[in-house]
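Asker: Next come a sequence and a model predicted from it.
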There are 4 protein chains.
Amino acid sequence: MLKVGLLGAGRIGQVHAVNIAGNSRSSLVAVADAHAPAAATLAAQYGCEARSSAEIVSDPNIDAVLIATSTDTHVDFIEAAAKAGKAVLCEKPVDLSLERAQQCLIATKDMGSPIMIGFNRRFDPSFAALRAQSARGEIGKSELLSLTSFDPAPPPVSYIKVSGGLFRDMMIHDFDMANFLMDDRPVSIRAVGTSQVSEEIGLAGDVDTAVVTMTYADGRIAVIKNSRRAVYGYDQRIELLGSYGLLQAHNILENSVVKSTVEGVVSGKPVHFFLERYMPAYAAEWEAFVTAVIDKTPMPITLEDGVAALAMAEAATLSAQTGQLVDV
Amino acid sequence: MLKVGLLGAGRIGQVHAVNIAGNSRSSLVAVADAHAPAAATLAAQYGCEARSSAEIVSDPNIDAVLIATSTDTHVDFIEAAAKAGKAVLCEKPVDLSLERAQQCLIATKDMGSPIMIGFNRRFDPSFAALRAQSARGEIGKSELLSLTSFDPAPPPVSYIKVSGGLFRDMMIHDFDMANFLMDDRPVSIRAVGTSQVSEEIGLAGDVDTAVVTMTYADGRIAVIKNSRRAVYGYDQRIELLGSYGLLQAHNILENSVVKSTVEGVVSGKPVHFFLERYMPAYAAEWEAFVTAVIDKTPMPITLEDGVAALAMAEAATLSAQTGQLVDV
Amino acid sequence: MLKVGLLGAGRIGQVHAVNIAGNSRSSLVAVADAHAPAAATLAAQYGCEARSSAEIVSDPNIDAVLIATSTDTHVDFIEAAAKAGKAVLCEKPVDLSLERAQQCLIATKDMGSPIMIGFNRRFDPSFAALRAQSARGEIGKSELLSLTSFDPAPPPVSYIKVSGGLFRDMMIHDFDMANFLMDDRPVSIRAVGTSQVSEEIGLAGDVDTAVVTMTYADGRIAVIKNSRRAVYGYDQRIELLGSYGLLQAHNILENSVVKSTVEGVVSGKPVHFFLERYMPAYAAEWEAFVTAVIDKTPMPITLEDGVAALAMAEAATLSAQTGQLVDV
Amino acid sequence: MLKVGLLGAGRIGQVHAVNIAGNSRSSLVAVADAHAPAAATLAAQYGCEARSSAEIVSDPNIDAVLIATSTDTHVDFIEAAAKAGKAVLCEKPVDLSLERAQQCLIATKDMGSPIMIGFNRRFDPSFAALRAQSARGEIGKSELLSLTSFDPAPPPVSYIKVSGGLFRDMMIHDFDMANFLMDDRPVSIRAVGTSQVSEEIGLAGDVDTAVVTMTYADGRIAVIKNSRRAVYGYDQRIELLGSYGLLQAHNILENSVVKSTVEGVVSGKPVHFFLERYMPAYAAEWEAFVTAVIDKTPMPITLEDGVAALAMAEAATLSAQTGQLVDV
């Protein structure tokens, strides 16, 4: 039984708590949060202790630490927990600074602690099925990948300002998905981004609508489309064209009801946002982490994967600013 | 080149005219209609002659007659045209009286003229594809057939009164489809019908919503659902469950556009009514008729098929009135 | 916090255990099973006690009893638990004997204990959404209901023999759904059933393919289709035609991936069976039970509802045997 | 009645012949083709004359000329026919040389003859419906357009060599669609193209897989994806994200049959290629041309539109070669 300490009792931390407690091979033993009452409430619900982050990281009885705190604390917690010999699952992104993330990679390299970065989408049942079908050669050689990721609504501009920008904050998921689905990293990145959704976002120096095109050494192409606003819900789709066919992962709908009236045929909308959509993915992610720790197998997503996605975000940010293609 | 005389220049007659003229192996040479100006207009459009029905039927230069007149004239025209040695395509139903239809069958039996009854739905590309897949054994042995046929809106009650009732006028198409898809005729029929759509229809002694269940000698079951009103359009669907799977023919939509907004995900409606939905079926039906006449092969739908569907309508009418199952 | 004793540690009992433990307002305190080791294993997993059924039913510290034992024990446990003042959630059906179920209804009438019968499908998110839309009048007045329920594969014939037959064992869910969706009970039932899936089932005196047509006092009609075998998965669909439109609840698919190749466009299959399909329904059912018990509001599904569904199953069995319509 | 001469009796010319003859306001009076027997056969089928192109262009009895000849002859025929005072419908592209197309625009500017370029996709019922919905503001302000156009299989490399390349030959349709749907022309174009489908295409100096990203003065973005090979059929889709929602035009399927077996749920494929897919579009295009000529209203697609699309193809070709964004 893996004894787990949870750092961060916010929205994402709460999702992880369900999965840690619900998994037959792990138990939640302690919760910490910068805002102490949040930790206390969550600890009470799961019958475990609320402690400080430092206590959790240094407790020899804790086997694994799940880091779901604010982004700027990720690297410090990863390094401290790894140093203390704990298995680590850290929410994405590693950091907003590529340099700092790379230093973390170097710093933890020889510590021997298994570290996984939580790109939850890799564990979405539909996305995972799509990749498995591609890996089995069901569409031959892959040629053209398209990722569509639209959020239902933009976050507050106060968040935008500290987010690192759309490419680092939002599209980073898609960069990792491209790496996951193409089984390779791109050689060049072209990005274009504009601010159409909210003037405030533009004034804050960020974009809210963006398209990135990437090429691979073998000629393959990937396209990523992001928008901060899709009023109909969380739009998360994948298309992969190959020599023998096309794979698509469509949205998951809130229910399966269809209403036909004189006004048209109305189906359910996509589930509203990431917590609903990726609930099964978070559970599968945790299961994969537990399995890798217990079986001592390689982490399915490494810290290096996290750094690679960040490097692509950096390149895209630069390309969008200069209009030039950026080699990576 | 098959020289064709068209009896009836109404809505259905006009559809047939397009197909007769558009088929490279047939030409429209004459049109008749009880309402002379209608025949004149249609004849002018196609550069052919408007004549009386009698003239068309007796013209030795005419090879085939298409009967698209009112139902009560069908039998007389079938018999006259067959006697004159013409190939005949007659719109369904043969007649509202089963007895009269049976007499027509006997009367024309030895005349040698090929006679086809126009159950257009057999030629719908989707329904025909479904049957072909079933015939190829793609779902193993068929077990349970479901036919859904809803009209967009009820006809005027004046029409209802002379229509022979829902089972003879509307469900007759489904009886023929069941015969077509099950490749056999049922041994028993149970019908239930009520008047819910329009009080007037009930007062006229007819039903507007009905369900028929039929069993076959080998244990198979078929269900037919009819309603005179589906406000969202012409609802025409088939489901066939077999030992290896399920075949479904869904509706054809007016277009392929899908709109997602905060109010839901809206698709196009089913095409509105039978002329739009079955336009390709009417063309394929005519092509099949022409082929059978020219190649001297058996008619794909015989007069006997028309009589069989009528006998089933009769049985269903009786079952709905008595609440008893009727053996056929 | 509702303290709950679980009777039955089989497949269904295990599903209920997850929901009892996972609900923030209930806790699982004891488990019983005729097969003691099964109770012990489940109790160990949830850190509660394995006891005898009698101990659970008589324990004054237990507030509610969930009955997930074999059907023939349902009535005894309902009566004992109700007599002991416990809230009861009992799996369907109440009993295979209508008479015995009715006696149970009479016996428990004045005991004051809240009793709910577990027709889980009422809590399926899509079915519940369909009913809510109908109840809000979104398709006007309902007219024609169609329920399709196909199992992926027939149970062993040994089970069939003690099941009470398809109408009591399988279609009973659909009878309850019809009552739920039509907000009324039918006045007449016509049933037809045949044995096509498995000869053994026929030899055991049961049917495996059946269609029931029911009429209501106000002229509405409902059709239920059942098959013991749909090789592509658990096929669970609803259609409700109304004066302003049609509501459909489609199947839930195993994933959202679509593959297009030269061989066609392939989507995911329906989820395989009831545990996968109705997992969210079981959780919502338990939540509804807990709410009704704690808030002392009427049970969403009463023992009388359970008896009513059984009476309809009885009537359908009779109709299928005699070929006659049965008034209910 | 518009008297029409058809130049070109090939595959596309034959499609136009059907529509010219089938339209109640136009008649086909003469056909020409560089390969005389082709013209003779087509003329025989429609009961009109086979003549030389020069004879058709100079015949004062001919009102309109439809140019469906090889691309390199388009400009000469446009200029000759316009000079002769005829209304002109010319297949796309105007020419492979932007300069020559621009000269044609200048040359015909003051001739007063109405000239339309045949971008048939604008008349596809689904695409036209999507644009109408966007124009009515149903998704608010448009923000991000995506066009997917995949051919079922690449043309012979001999054709590729004279085609002008993917951007001028294939993506030109999408450039026009972008202009049509965005109601504006882009300010910058970024293109990437690789040869993955066929090595021969790469050796011929062309690409077979390409992505173009375009930005507009108001910040909007459009993405076009092209592949010469989608083995499952002709893949033609549009997505337009706006401030109030998303519009999608999906593929048109060969039929509406869905088969569910243990192997999955299989639907019909997209219709195979452009003749099947755009048959209704060609008829609507011709109807629009006839209406504009007879009503003396502006042509729905002008020669200038044809030149604009060609200029975009030129820019994309340059961008793909240099890796730089190109201002237009």
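Answerer: Ah, there it is. Numbering: from 1, shown residues only, chains lettered A, B, ... in the order given.

Asker: quick one, helices of the stretch 51-200 of chain A?
Answerer: In chain order, the stretch 51-200 of chain A shows helices spanning A:53-58, A:74-83, A:98-108, A:125-135, A:157-162, A:166-169, A:172-182, A:199-203, with DSSP state H, counting those that start in this stretch as the criterion.

Asker: Let me fix that, I meant to ask about the stretch 201-328 of chain A.
Answerer: Listed in chain order, the helices of the stretch 201-328 of chain A (DSSP H, counting those that start in this stretch) span residues A:274-277, A:279-295, A:303-322.

Asker: Nearest to residue D:192, out of the helices of the stretch 51-200 of chain A?
Answerer: Proximity to residue D:192, assessed across those by Cβ to Cβ, is greatest for helix A:172-182 (14.5 Å). For every residue, glycine as well, the C-beta is placed using N, CA and C.

Asker: Can you check what angle separates that closest one from helix A:303-322?
Answerer: Interaxial angle, helix A:172-182 versus helix A:303-322 (axes from the mean of the first three to the mean of the last three Cα atoms, to 10 degrees): 120 degrees.

Asker: does chain C sit close to helix A:172-182?
Answerer: No. Applying Cβ under 8 Å from any Cβ of the partner chain, one finds that helix A:172-182 is not in contact with chain C, the shortest distance being 12.5 Å.

Asker: Please name every helix or strand in contact with that helix.
Answerer: Judged by 3 or more Cβ pairs under 8 Å, 6 or more residues apart in numbering or on different chains; DSSP states H and E, the packing partners of helix A:172-182 are helix A:125-135, strand A:142-150, strand A:221-227, strand A:235-242, helix A:303-322.

Asker: Run the chain-centre distance for that helix.
Answerer: The gap between the average C-alpha position of helix A:172-182 and the chain average comes to 10 Å, counting by Cα atoms, centre = their mean, to the nearest Å.

Asker: swap in stretch A:267-275?
Answerer: With Cα atoms, centre = their mean as the basis, the distance from the averaged C-alpha position of stretch A:267-275 to the chain average is 18 Å.

Asker: Ends of it, what's the gap?
Answerer: Counting by Cα to Cα, to the nearest Å, the length from the leading to the trailing residue of stretch A:267-275 is 21 Å.

Asker: The residue nearest to residue A:173 when sequence neighbours are not counted: neighbour count?
Answerer: The shortest distance from residue A:173 to any residue other than its chain neighbours is 5.7 Å, reached at residue A:121 (Cβ to Cβ, 6 or more residues apart in numbering or on different chains). Residue A:121 is surrounded by 24 other residues when neighbours are defined as other Cβ atoms under 10 Å in any protein chain shown.

Asker: cool, and residue A:71?
Answerer: Applying the criterion other Cβ under 10 Å, we find 18 residues in the vicinity of residue A:71.

Asker: and it, what does it touch?
Answerer: By Cβ atoms under 8 Å, 6 or more residues apart in numbering or on different chains, the contact set of residue A:71 is A:93, A:95, A:96, A:164.

Asker: List the residues that contact the third one.
Answerer: Okay, so that is residue A:96. Contacts were defined as Cβ under 8 Å, 6+ apart; by that measure residue A:96 touches A:71, A:72, A:163, A:164, A:168.

Asker: do the same with the second one
Answerer: If a contact means Cβ under 8 Å, 6+ apart, then residue A:95 has A:71, A:72, A:74, A:75, A:101, A:104, A:310 as its contacts.

Asker: Go again with 6 Å.
Answerer: Shown here is residue A:95, whose contacts under the criterion Cβ atoms under 6 Å, 6 or more residues apart in numbering or on different chains are A:74, A:75, A:101.

Asker: Equivalent analysis for the last one, please.
Answerer: Contact criterion Cβ under 6 Å, 6+ apart gives residue A:96 as the residues in contact with residue A:164.

Asker: For it, grab phi and psi.
Answerer: Main-chain dihedrals, residue A:164, degrees, to the nearest 10: phi 90, psi 0.

Asker: Look up how far residue A:223 lies from it.
Answerer: Per Cβ to Cβ, to the nearest Å, residue A:164 is found 22 Å from residue A:223.

Asker: picking that back up, could you provide the helices and strands packed on helix A:172-182 in a markdown table, with additional columns for mean pLDDT, mean neighbour count and distance to residue A:276?
Answerer: Rendered in a markdown table, the data for the helices and strands packed on helix A:172-182 read as follows (pLDDT from 0 to 100; neighbours: other Cβ atoms under 10 Å in any protein chain shown; distance: least, Cβ to Cβ, whole Å):
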| stretch | mean pLDDT | mean neighbour count | distance to residue A:276 |
| --- | --- | --- | --- |
| helix A:125-135 | 98 | 19 | 14 |
| strand A:142-150 | 98 | 23 | 15 |
| strand A:221-227 | 98 | 25 | 19 |
| strand A:235-242 | 98 | 24 | 11 |
| helix A:303-322 | 97 | 22 | 24 |
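
Asker: okay if I get these as a markdown table plus distance to chain D?
Answerer: Conversion of these to a markdown table gives the following (distance: least, Cβ to the nearest Cβ, whole Å):
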| stretch | distance to chain D |
| --- | --- |
| helix A:125-135 | 11 |
| strand A:142-150 | 5 |
| strand A:221-227 | 5 |
| strand A:235-242 | 6 |
| helix A:303-322 | 10 |
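
Asker: In JSON lines, list the helices of the stretch 201-328 of chain A along with distance to chain B.
Answerer: Formatted as JSON lines, the entries for the helices of the stretch 201-328 of chain A read as follows, by distance: least, Cβ to the nearest Cβ, whole Å:
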{"stretch": "helix A:274-277", "distance to chain B": "15"}
{"stretch": "helix A:279-295", "distance to chain B": "21"}
{"stretch": "helix A:303-322", "distance to chain B": "27"}
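
Asker: Indicate which one of these is closest to residue B:217.
Answerer: For residue B:217, the closest of the helices of the stretch 201-328 of chain A is helix A:279-295, at 48.2 Å, according to Cβ to Cβ.

Asker: chain center to that closest one: distance?
Answerer: The chain centroid and the centroid of helix A:279-295 are separated by 14 Å, computed with Cα atoms, centre = their mean.

Asker: Residue A:174 is in contact with residue A:224, correct?
Answerer: Yes. Taking contacts as Cβ atoms under 6 Å, residue A:224 lies within contact range of residue A:174: 4.4 Å.
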